[in-house]
Every structure is written in structure tokens, then in C-alpha cells.
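> I would like to see how this sequence folds:
(chains A and B)
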Amino acid sequence: MMRTAITLIILVLSSTGGDLCVAQAMKRIGEVKDFTPKGLLRVLGRVLREGWMWIGIGQMTLAFCSLLALLSWEAVSFVIPATALSYVTGALGSKYLLGEQLTRRRWVGIGLVSVGVLLVCLGQ
Amino acid sequence: MTFPQTPKAKTSILVTLLVMFGSAGNLCFSAGMKQIGAVRIGSAAGLHALIAQIFFNRWIWLGIAGMLLYFTALLVVLSWADFSYVLPSAAAMYAVIALLGHYFLGETVTVVRWLGVGLICLGVGLVGQTPPNTTRKD
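All right, here's what the predicted structure looks like:
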């Protein structure tokens, strides 16, 4: 139980950190408008030169290892919904680190997600 | 290649791809790790054996392919939409994974868990109704 809880915390924090870094990288690169193979390759080149992207990939690697370990112990229908905690930490990160505006509706949504995660864990 | 130019339409397409690839990838990882068994690392040799088992498991490679496609779609959509909008919109993945886990991997999903999954989807659906972009002026 303790092993699962600790691994889940590592998974949530590293996956949120990774996502936020990747979002920051894409904000810096700008909107993708050219969907031809050549255009997408050009974007890929810019993505690979973006420092935030590599920090994000490092954190995502940690999240991936935690996910594999969790999936070897627990059912996928428990593990994946439980990772929804990332939506709460991600929303907080979006507001305070990326400067996005969170309306009341978004906060209510986050509250519902939290209760949902609790039910998923209790229902194991 | 023609692609819808309205933010709503192109975001919907990319979010649908996110859900498809993410669900398939996670399900493949689960199938692979179930084949490998519970992770127990007591020594360097044990860790070696585990890495080899993961490396030679075809489900893990299919999962990696699914997640690479998921990641590509995520990068593209994040180039124009808020992070706090994109991820909640992709929450349909929870329902899809629970359904696939139940029907294809034979996992038990209790009523309480279904209720939790429903609330999660409702919550992230509410978040997804807010404006997709709050940081850029178009």
C-alpha cells in the first residue's frame, strides 16, 4: 500500500513537471500551422533545440518508469484514473508557472476530479 | 495537406487522437507488465533481467509506439491551446481505458470505481468548456 502511494506521488509530480516544461517549450516555439511532413520536421528540429523540452523529457522518463512499476502491481483501471491527480497539480502549475487564467468553472472541474480520484482509490 | 483552421475544430481532432493513442498505449503497457509479472528488484542481476524482459516484450514496444504518437499529438495541440485546457479535454481516455481494461484484460471495475471515473470525466469536461487559450492574443 505504502509502495503504491509513494510511486503514485512520484508519478504525478514528475508527469506534471514534464507536461508543464513541454507546454512551456511549445509556447516558446509558437503555433504549428504547416502540417506537411516537411513542415512537421521543421517543427521537430526546433523542438529538439528547446531546453525546456529536454527538462520535460527527463521528468517524463521518470514518470514512465513509475507508471510501469505501478502497472505491474495494480489494475490499469485503478492506475490510470488515479493519475488524474496530475490534472490538479497541472492546473496549479498552469496558473502559477505558465500564467494561464483559471476561471471558477475550471476550479469546480478540478474539485470534481479530486473527488473522483478519491472514489477510484476507495473502490480498489 | 488541408487541416481545419478554426481552433475548436483542430483542437477536437487532436484531442481525439490523444485519447486514441493514449488509451492504446497504456493498455499495451499494462498487458506487457502483466506478462512480465510484479516488479521485485533485489540485486543488480535482478534489475538486468527485468530490463531484458521489458526490452524483449512486444506489448511494451507497441505501448511505446502508441505513446510516441500521443506525445506528437500533444506537442502539436499545445502549440496553440492552453495546457490547462488540453489535458482535461483528453479525459475521455479514463472511460476508454476502464472499458478496455474491463473487456479485454478482464479487470474488475467496481461500481464505486465507475462512479469515480464518471466524476473525473465530468470534472475535466467542465474544465474543457472554458476558453482554450487564455495567454495569447489572436
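> So A:Leu70, which state does it fall into?
At A:Leu70 the chain is in helix, as set by DSSP: H, G, I helix; E, B strand; the rest coil.
> ok, for it, nearest residue in space, not its chain neighbours?
Sequence neighbours aside, A:Val79 is the residue nearest to A:Leu70 in space, at 4.9 Å (criterion: C-beta to C-beta, 6 or more residues apart in numbering or on different chains). Placement of C-beta: from N, CA and C, glycine included.
> same check, this time on B:Ala90
The shortest distance from B:Ala90 to any non-neighbouring residue, by C-beta to C-beta, 6+ apart, is to B:Leu18 (4.4 Å).
> Tell me the secondary structure at the one you found.
Assignment for B:Leu18 (three-state DSSP): helix.
> Give me the neighbour count for it.
Using other C-beta atoms under 10 Å in any protein chain shown, B:Leu18 has 24 other residues around it.
> dump the residue contacts of it.
B:70, B:73-74, B:77, B:86, B:90, B:93 (C-beta atoms under 8 Å, 6 or more residues apart in numbering or on different chains).
> Stretch A:46-55: end-to-end distance?
Taking C-alpha to C-alpha, to the nearest Å, stretch A:46-55 runs 15 Å from one end to the other.
> right, I mislabeled it, should have said stretch A:45-53
12 Å.
> where does the chain have low pLDDT?
Just so you know, I chose chain A. Scanning chain A for pLDDT under 70 picks out A:120-121, A:123-124.
> right idea, wrong chain: chain B
B:1-5, B:41, B:136-138.
> those strands in it, which residues are they?
For chain B, strands defined by DSSP state E do not occur.
> Tell me which residue is most central in it.
B:Gly22 (2.9 Å; C-alpha atoms, centre = their mean).
> what comes up buried for stretch A:87-107?
A:87-91, A:93-95, A:98, A:100, A:102, A:106 (16 or more other C-beta atoms under 10 Å in any protein chain shown).
> what about that stretch and chain B, any contact?
Yes - contact between stretch A:87-107 and chain B, assessed by C-beta under 8 Å from any C-beta of the partner chain, occurs at A:87, A:90-91, A:93-95, A:98-103, A:105-106.
> will you turn the residues you listed into JSON lines that also has secondary structure and distance to B:Val127?
Shown next, in JSON lines, are those (DSSP: H, G, I helix; E, B strand; the rest coil; distance: C-beta to C-beta, whole Å):
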{"residue": "A:Tyr87", "secondary structure": "helix", "distance to B:Val127": "8"}
{"residue": "A:Gly90", "secondary structure": "helix", "distance to B:Val127": "10"}
{"residue": "A:Ala91", "secondary structure": "helix", "distance to B:Val127": "7"}
{"residue": "A:Gly93", "secondary structure": "helix", "distance to B:Val127": "14"}
{"residue": "A:Ser94", "secondary structure": "helix", "distance to B:Val127": "10"}
{"residue": "A:Lys95", "secondary structure": "helix", "distance to B:Val127": "12"}
{"residue": "A:Leu98", "secondary structure": "coil", "distance to B:Val127": "15"}
{"residue": "A:Gly99", "secondary structure": "coil", "distance to B:Val127": "17"}
{"residue": "A:Glu100", "secondary structure": "coil", "distance to B:Val127": "11"}
{"residue": "A:Gln101", "secondary structure": "coil", "distance to B:Val127": "12"}
{"residue": "A:Leu102", "secondary structure": "coil", "distance to B:Val127": "9"}
{"residue": "A:Thr103", "secondary structure": "coil", "distance to B:Val127": "9"}
{"residue": "A:Arg105", "secondary structure": "helix", "distance to B:Val127": "7"}
{"residue": "A:Arg106", "secondary structure": "helix", "distance to B:Val127": "5"}
